[in-house]
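Undergrad: I'll drop the sequence and a predicted model, then ask my questions.
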Amino acid sequence: MTSYVGAIDQGTTSSRFIIFDRQGRIASVAQKEHRQIYPRPGWVEHDPVEIMNNTNEMIGAALARANLAAEDLAAVGITNQRETTVLWDRETGRPLHNALVWQDTRVDQLVTTFAADGGQDRFRQVTGLPLASYFAGLKLRWLLDNVDGARAKAEAGQALFGTIDSWVIWNLTGGPNGGIHVTDVTNASRTQLMNLETCDWDRGMLDVFAIPAACLPKIVPSSFVYGEIATPTLKGTKIAGILGDQQAALVGQTCFSPGEAKNTYGTGSFLLMNTGVKPVQSKAGLLTTLAYQFGEERPCYALEGAIAITGALVQWLRDNLKLFDIATQIEPLARSVEDNGGIYIVPAFSGLYAPYWKENARGVIAGLTRYVTRAHFARAALESTAYQVRDVVEAMESDSGIRLTSLKTDGGMVANELLMQFQADILNVPVVRPKVVETTALGAAYAAGLAVGYWSNTDDLRANWEIDKTWTPSMPEDRRAHYTKSWKKAVQRSFDWVD
């Protein structure tokens, strides 16, 4: 009997393959970073071929490290950076352009054009999303309009569109030789082209954005046997799960009941709350999105607060300002001072996402004095993550009518205990870290395992979840109020910077 389930975790900065056992424990992992390409200010690209090569290499490396083979895996799932957009040639398998990353802002003018008639929320009722440069549909429109021959190929079905899940699965299942062209409901819900109610491509959205249906993947459930992998290292293994990265973390954290929520701290941060089988339209600046769909069951929905820059701010301090050599050095540096020295960093590098949705905001550092040191910068950077999460929690409580009683956390930044304590303090609720923090990959594994019967049901998954550590709030209310007021003043200063 097969003993494991594999998960491809294709993220913004790296590709990983992680192998899990029945208890949700990691048996093997391999990871490799890929290049971040910045052709112009605000433009962010990835090389899809590099991503695919790295993914295949990491699959082989993880299997080899555990002395496992394809037949040891019951199934493989994939989780991915969601809105990052690829357009490729069906016959050659070559991308027509670099992938446009979710952070990319080159479609700002398209956003302005469409918002001029009906406002930023004109498509919210259908798609759950405001008009923003974040989502994949307008990125596809840009590629069709700006890459020679792309529109004609797309209209003929010769060019194929997909978020990274579609690109990876198409390549794994044969590529030009019969590759499967699919995406799941969670990734499709991030294109601004899918109808929330029907979970199918919306003809009206395709017409408005001038997107040819012939280039689009088939929308499938998040947990389902889609086909078999054709590449040598995993030949014959079932590919059976697809979840956008934040929805995968929701599944990995076993948030299967309405009101259960998690926050993932990565390049950006993403807070999701399960709202059940009915979509909840946000009035407070959140996104209405698909949470997951298991097989033929009804799809479940979520409210999401998406924050563009959290971990990426740490990278910026490291790479651009050279304040430290490796990211983990930020915590001892920040701990060397008692507070932020009065400075607040609003990292609106590509505008502000939830709950503000200000495309023309840009980053600010407020409150600078001669007293401030690099240690204060480090502390203010960590605190900015916690403040942004608080902004989203306030919006989520307003929309859902549910008071958050604790916050489940995951992602790379949860290793930073100073941040976790400050998060508990500024939210005034306990913050909980699970024993397995790789919940994004785990969620993809769970989806795949459920599809093939490796796990029987969600009760099996809940039984795997264990607490590693809980942080409880200890900050006096007057200090919390002062910090929050100052943060909101700094956020206001970032608005309307770009004319």
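TA: Here it is on my side, so go on. Numbers count the residues shown, from 1 in each chain.
Undergrad: how many neighbours does the closest residue to F135 other than its chain neighbours have?
TA: Spatial nearest neighbour of F135, chain neighbours left out: Q192 (4.3 Å); criterion: CB to CB, 6 or more residues apart in numbering. C-betas here are computed from N, CA, C, even on glycine. The number of residues packed near Q192 is 28, by other CB atoms under 10 Å.
Undergrad: quick one: secondary structure of Q192?
TA: coil (DSSP: H, G, I helix; E, B strand; the rest coil).
Undergrad: dump the residue contacts of it.
TA: 123, 127, 129, 131, 135-138, 205, 209 (CB atoms under 8 Å, 6 or more residues apart in numbering).
Undergrad: also E260?
TA: 253-254, 273-274, 408.
Undergrad: can you redo the residues you listed as TSV with neighbour count and distance to V76?
TA: Converted to TSV, those look like this (neighbours: other CB atoms under 10 Å; distance: CB to CB, whole Å):
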residue	neighbour count	distance to V76
Q253	27	21
T254	24	20
M273	28	28
N274	22	25
K408	23	25
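Undergrad: just the ones of the residues you listed in strands?
TA: Of the contacts of E260, the ones assigned to strands by DSSP state E are 273-274, 408.
Undergrad: Serialize those residues to JSON lines and add fields for pLDDT and distance to K235.
TA: As requested, the ones in strands among the contacts of E260 are exported to JSON lines (pLDDT from 0 to 100; distance: CB to CB, whole Å):
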{"residue": "M273", "pLDDT": "89", "distance to K235": "40"}
{"residue": "N274", "pLDDT": "90", "distance to K235": "36"}
{"residue": "K408", "pLDDT": "92", "distance to K235": "37"}
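Undergrad: quick revisit: any idea how far the residue nearest to F135 is from I169?
TA: Applying CB to CB, to the nearest Å, the value for Q192 to I169 is 21 Å.
Undergrad: next: E228.
TA: Distance from E228 to I169, by CB to CB: 11 Å.
Undergrad: now do the end-to-end distance for stretch 361-375.
TA: End-to-end distance for stretch 361-375: 26 Å, by CA to CA, to the nearest Å.
Undergrad: same thing with stretch 447-459?
TA: 13 Å.
Undergrad: again, but for stretch 427-437
TA: 21 Å.
Undergrad: I figured E304 was touching T289, is that so?
TA: Yes - using CB atoms under 8 Å, E304 is in contact with T289, at 5.0 Å.
Undergrad: who has more neighbours out of the two?
TA: A direct count of neighbours by other CB under 10 Å for E304 and T289 places E304 higher, at 28 against 25.
Undergrad: double-check that that one belongs to a strand.
TA: Yes - counting by three-state DSSP, E304 is part of a strand.
Undergrad: the closest residue to it other than its chain neighbours: neighbouring residues, count only.
TA: Leaving aside its chain neighbours, E304 sits nearest to L287 (4.4 Å; criterion: CB to CB, 6+ apart). Burial measure for L287: 26 neighbouring residues, criterion other CB under 10 Å.
Undergrad: so what sits against both of E228 and I169?
TA: Joint contacts of E228 and I169 (CB under 8 Å, 6+ apart) are I239.
Undergrad: neighbour count: the two, which is higher?
TA: I169 (27 against 17).
Undergrad: mind checking the SS state of the more buried one?
TA: Quick answer, by three-state DSSP: I169 is helix.
Undergrad: report the contact partners of it.
TA: 78, 179-180, 182, 226, 239, 242.
Undergrad: please export the C-alpha coordinates of stretch 406-423 as PDB.
TA: C-alpha atoms of stretch 406-423 as PDB (Å, rounded to 0.1, in the frame of the first residue of the first chain):
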ATOM      1  CA  SER A 406      -8.000  33.300  18.000                       C
ATOM      2  CA  LEU A 407      -5.800  33.400  14.900                       C
ATOM      3  CA  LYS A 408      -4.300  30.300  13.300                       C
ATOM      4  CA  THR A 409      -1.000  31.200  11.600                       C
ATOM      5  CA  ASP A 410       1.400  29.700   9.100                       C
ATOM      6  CA  GLY A 411       4.000  30.600   6.600                       C
ATOM      7  CA  GLY A 412       7.700  31.500   6.900                       C
ATOM      8  CA  MET A 413       7.300  34.500   9.200                       C
ATOM      9  CA  VAL A 414       5.700  32.500  12.000                       C
ATOM     10  CA  ALA A 415       9.200  31.500  13.100                       C
ATOM     11  CA  ASN A 416       9.600  35.100  14.200                       C
ATOM     12  CA  GLU A 417       8.400  35.000  17.800                       C
ATOM     13  CA  LEU A 418       8.700  38.800  18.300                       C
ATOM     14  CA  LEU A 419       6.300  39.300  15.400                       C
ATOM     15  CA  MET A 420       3.900  36.600  16.700                       C
ATOM     16  CA  GLN A 421       3.800  38.200  20.200                       C
ATOM     17  CA  PHE A 422       3.200  41.700  18.700                       C
ATOM     18  CA  GLN A 423       0.500  40.300  16.500                       C
END
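Undergrad: show me the contacts of I169 that map onto helices.
TA: In helices, defined here by DSSP state H, there are no members of the contacts of I169.
Undergrad: got a winner among those for most neighbours?
TA: I242 (34 neighbours).
Undergrad: how close does the residue nearest to T173 when sequence neighbours are not counted sit to S166?
TA: Leaving aside its chain neighbours, T173 sits nearest to I180 (4.4 Å; criterion: CB to CB, 6+ apart). Distance, I180 to S166, using CB to CB: 9 Å.
Undergrad: repeat for L382
TA: 35 Å.
Undergrad: and these two? Which one has more around it.
TA: Neighbours were tallied for L382 and for S166 using other CB under 10 Å; the higher tally belongs to S166 (28 against 25).
Undergrad: isn't that one up against D184?
TA: No - under the criterion of CB under 8 Å, S166 makes no contact with D184, lying 9.4 Å away.
Undergrad: do you know the pLDDT at the residue at the greatest distance from the centre of the chain?
TA: The centre of the chain is farthest from one residue, R370, which by CA atoms, centre = their mean lies 37.8 Å away. Here the pLDDT value assigned to R370 is 97.
Undergrad: model confidence for the residue nearest to Q103 when sequence neighbours are not counted, exactly?
TA: Spatial nearest neighbour of Q103, chain neighbours left out: V44 (4.7 Å); criterion: CB to CB, 6+ apart. In this model, V44 is scored at 95, pLDDT.
Undergrad: how far away is V44 from L143?
TA: 14 Å.
Undergrad: TSV please, covering the contacts of E260 and showing distance to T328.
TA: Below are the contacts of E260 laid out as TSV (distance: CB to CB, whole Å):
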residue	distance to T328
Q253	24
T254	28
M273	30
N274	32
K408	23
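Undergrad: farthest-separated two in these?
TA: T254 and M273 (13.8 Å; CB to CB).
Undergrad: tell me where the model's unsure across the chain.
TA: 1-2 (pLDDT under 70).
Undergrad: could you list the domains of it?
TA: When the chain is parsed with the TED database, its domains come out as 2-244, 257-433+465-498.
Undergrad: how about these, which one is nearest A448?
TA: domain 2-244 (3.3 Å).
Undergrad: run the chain-centre distance for the closest one.
TA: 12 Å (CA atoms, centre = their mean, to the nearest Å).
Undergrad: list the buried residues for the longest helix seen in the chain?
TA: In the chain, assigned by DSSP H, the helix with the most residues is helix 374-400. For helix 374-400, a neighbour-count test (16 or more other CB atoms under 10 Å) marks 374-396, 399-400 as buried.
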